[in-house]
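*Asks:* below are the sequence and a predicted model; questions follow.
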Amino acid sequence: VSVVNPLSVKRFIQMKLSKIKTDKSDAKAICEYAQATEVPLYTARNAVQAECLQLLSLQDLYLKQRTAVKNKIHGEKALGTPSKTVSRSLVRMLKQIEKELAQVESRLESLVRKTQEEQLEQLTSIPGLGKKTAMLLIVLTDGFTSFENARQLCCFTGITPTIRQSGTSVRGRSRISKVGNRKLRNLLFMCSFTACKTNKACREIYERIVEKGKSKKLALIAVCNKLLKQAFAIAKSGTYYQENYLSKLA
């Protein structure tokens, strides 16, 4: 059994320029894709990894619900004469969501520490990399065993540049691919602000890019890239962060 990126299969089917789309034609196209491509065999997740991923999904659900309830409370107040019954109900709902969210986060941290406590401590020793981001990295990469190099991890996150150019006349602006894990990308972007101030290597990259006249956002994305490379190198080497340490893995 193999599990592949659905987008890869979709693009393969689109290349055939077929005008027919049925269950039968899709099944045939998927079979042809498997024959034409070396698809990796699926490795089943262990019980802890599976529960961690379920907890992340539940956490996302509660975060969306919390945002929706907060917006509703703000909307009721904007009316000028909010109903006390409605307001109290919304406040109770918000408190319950906060309680459930705290329990989910506590259980997630407990599971991560149970299996990868030392790796979590090593990752959080990186200036600018918070505990939530470190835990998410550990869970999504299964303790950094899912990737062979840092570039693969950067591609998975969706912060690698995409270059669009043709000949000498068409030169599109380089952008990040964004084909990756949005949650991890957003957390890393938030970490980049702190890393620019506390992480020597990240600060040097940020200042160098800004001095060249590039946008600050582009510099922050480069910082995200550097943070991921530092995290990968530390996880693979099993060491704590050292400011002047140079690793071939990074």
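*Replies:* The structure has been received and is ready for your questions.

*Asks:* next one: the residue lying closest to Gly128 once chain neighbours are set aside from Lys95, what distance?
*Replies:* Counting by CB to CB, 6 or more residues apart in numbering, Gly128 lies nearest to Ala195, which is 2.8 Å off, once chain neighbours are set aside. Backbone N, C-alpha and C define where each C-beta goes, glycine included. Separation of Ala195 from Lys95 (CB to CB, to the nearest Å): 34 Å.

*Asks:* the two: who's more crowded?
*Replies:* Ala195 (27 against 11; other CB atoms under 10 Å).

*Asks:* how distant is stretch 203-212 from the center of its chain?
*Replies:* 24 Å (CA atoms, centre = their mean, to the nearest Å).

*Asks:* neighbouring contacts of it?
*Replies:* Residues outside stretch 203-212 that contact it (CB atoms under 8 Å, 6 or more residues apart in numbering) are 195-197, 216, 218-220, 222-223, 226.

*Asks:* thought Arg45 was touching Asp142?
*Replies:* Yes: under the criterion of CB atoms under 8 Å, Arg45 makes contact with Asp142 at 7.4 Å.

*Asks:* the spatially most central residue of the chain: which element?
*Replies:* Geometric centre of the chain, nearest residue: Leu184, 2.1 Å, by CA atoms, centre = their mean. Assigned by DSSP states H and E, Leu184 belongs to helix 182-198.

*Asks:* mind listing residues that contact stretch 226-234?
*Replies:* 122-123, 125-126, 128-129, 134, 137, 144, 147, 149-150, 153-154, 157, 159, 188, 191-192, 195, 199, 201-202, 205, 240-241, 247, 249-250.

*Asks:* report the buried members of the residues you listed.
*Replies:* 122-123, 126, 128-129, 134, 137, 144, 147, 150, 153-154, 157, 159, 188, 191-192, 195, 199, 201-202, 205, 241, 250 (16 or more other CB atoms under 10 Å).

*Asks:* looking at those, which are in helices?
*Replies:* Counted as lying in helices by DSSP state H, out of these, are 122-123, 134, 137, 150, 153-154, 157, 188, 191-192, 195, 201-202, 205.

*Asks:* quick one, what contacts Ala235?
*Replies:* Contacts of Ala235 (CB under 8 Å, 6+ apart): 119, 122-123, 137, 141, 143-144.

*Asks:* which of the helices or strands spans it?
*Replies:* Here Ala235 is assigned to helix 216-237, by DSSP H and E.

*Asks:* how far off helix 182-198 does that helix point, in degrees?
*Replies:* Relative orientation of helix 216-237 versus helix 182-198 (axes from the mean of the first three to the mean of the last three CA atoms, to 10 degrees): 100 degrees.

*Asks:* how many residues are close by Ile138?
*Replies:* Neighbours around Ile138, by other CB under 10 Å: 23.

*Asks:* please apply the same query to Pro127.
*Replies:* 19.
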